[in-house]
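Colleague: coordinates for the following, if possible.
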Amino acid sequence: MSLSSVFNIAGSGMSAQTTRLNTVASNIANAETVSSSIDQTYRARHPVFATMFQGGQAGGGDSLFQNQDAAGQGVQVLGVVEDQSNLEARYLPNHPAADAKGYVYYPNVNVVEEMADMISASRSFQTNAEMMNTAKTMMQKVLTLGQ
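Modeller: Numbers count the residues shown, from 1 in each chain. All right, here's what the predicted structure looks like:
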C-alpha cells in the first residue's frame with residue numbers, strides 16, 4: 001500500500017461521513033412532523049457502511065493470516081435504511097392531522113441520539129481531513145530529502 005492510497009481511503013471516509021451527516025440532518029428536520037397514518041409517517045433513516053478490502057493480494061495464499069493481512073481500501077455506503085422501531089402515537093383529537101380515532105403519529109426520531117451521531121460524524125470527517133493533511137506533509141518531506 002502506497003502513501004498515495006491514503007488520500008483515497010480518507011476521501012471515502014469523508015464521503016461516508018457526509019452521507020451520515022445528511023441523514024442526521026434529514027432526521028432532525030423531520031423530528032416533529034406529524035401524520036394521520038402510520039404508513040405516511042416519517043421514519044428515521046440510518047446509513048449502512050461496509051469496509052472495502054484490497055482485491056487480489058500479491059503472492060496468493062502465502063500468508064497463514066491472509067484474511068487478517070488484507071489492507072482496508074476505505075469505506076463504502078451500502079445504503080440508507082429506515083428504522084423499524086415503533087412510532088409515537090399521541091391522542092390529540094383537535095389536531096388537524098388527527099385520524100378518525102383522534103391519534104396523531106410522530107416519527108421515531110430521537111433528537112438526542114441524532115445530535116450525538118452528528119458530533120461523531122463531524123469528528124470522523126475532521127479526522128479524515130487531518131489524515132489527508134498529514135499524508136500531504138509526509139509526501140512533501142519525501143520530496144525535500146534529495147536537497
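
Colleague: once you drop chain neighbours, what's closest to residue 110?
Modeller: residue 44 (7.7 Å; CB to CB, 6 or more residues apart in numbering). C-beta here means a position set from N, CA and C on the backbone, and glycine is covered the same way.

Colleague: same deal with residue 13?
Modeller: Closest to residue 13 by CB to CB, 6+ apart is residue 128, at 4.1 Å.

Colleague: quick check, the one you found in contact with residue 16.
Modeller: No - at 9.0 Å, residue 128 does not count as touching residue 16 under the criterion of CB atoms under 8 Å.

Colleague: average pLDDT for stretch 79-91?
Modeller: Throughout stretch 79-91, pLDDT has a mean value of 93.

Colleague: what's that stretch in contact with?
Modeller: Contacts with stretch 79-91, where a contact means CB atoms under 8 Å, 6 or more residues apart in numbering, come from 19, 23, 38, 41, 43-48, 102-108.

Colleague: stretch 138-146 too?
Modeller: 3-4.

Colleague: now find how far off-centre it is within its chain.
Modeller: 34 Å (CA atoms, centre = their mean, to the nearest Å).

Colleague: same question for stretch 120-128.
Modeller: Put simply, stretch 120-128 sits 10 Å off its chain's centre (CA atoms, centre = their mean).

Colleague: for that stretch, buried residues please.
Modeller: Applying a neighbour-count criterion of 16 or more other CB atoms under 10 Å, one finds 121, 124-125, 128 buried in stretch 120-128.

Colleague: swap in stretch 7-15?
Modeller: For stretch 7-15, by 16+ other CB under 10 Å, it's 9-10, 12-15.

Colleague: then that stretch to PDB, C-alphas only?
Modeller: What follows is stretch 7-15 as a C-alpha-only set of coordinates in PDB (Å, rounded to 0.1, in the frame of the first residue of the first chain):
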ATOM      1  CA  PHE A   7      -6.000  10.000   0.000                       C
ATOM      2  CA  ASN A   8      -8.400   7.600  -1.500                       C
ATOM      3  CA  ILE A   9      -9.100   5.900   1.800                       C
ATOM      4  CA  ALA A  10      -9.600   9.200   3.700                       C
ATOM      5  CA  GLY A  11     -11.700  10.500   0.800                       C
ATOM      6  CA  SER A  12     -14.000   7.500   1.100                       C
ATOM      7  CA  GLY A  13     -14.300   8.100   4.800                       C
ATOM      8  CA  MET A  14     -15.200  11.800   4.300                       C
ATOM      9  CA  SER A  15     -17.800  10.800   1.700                       C
END
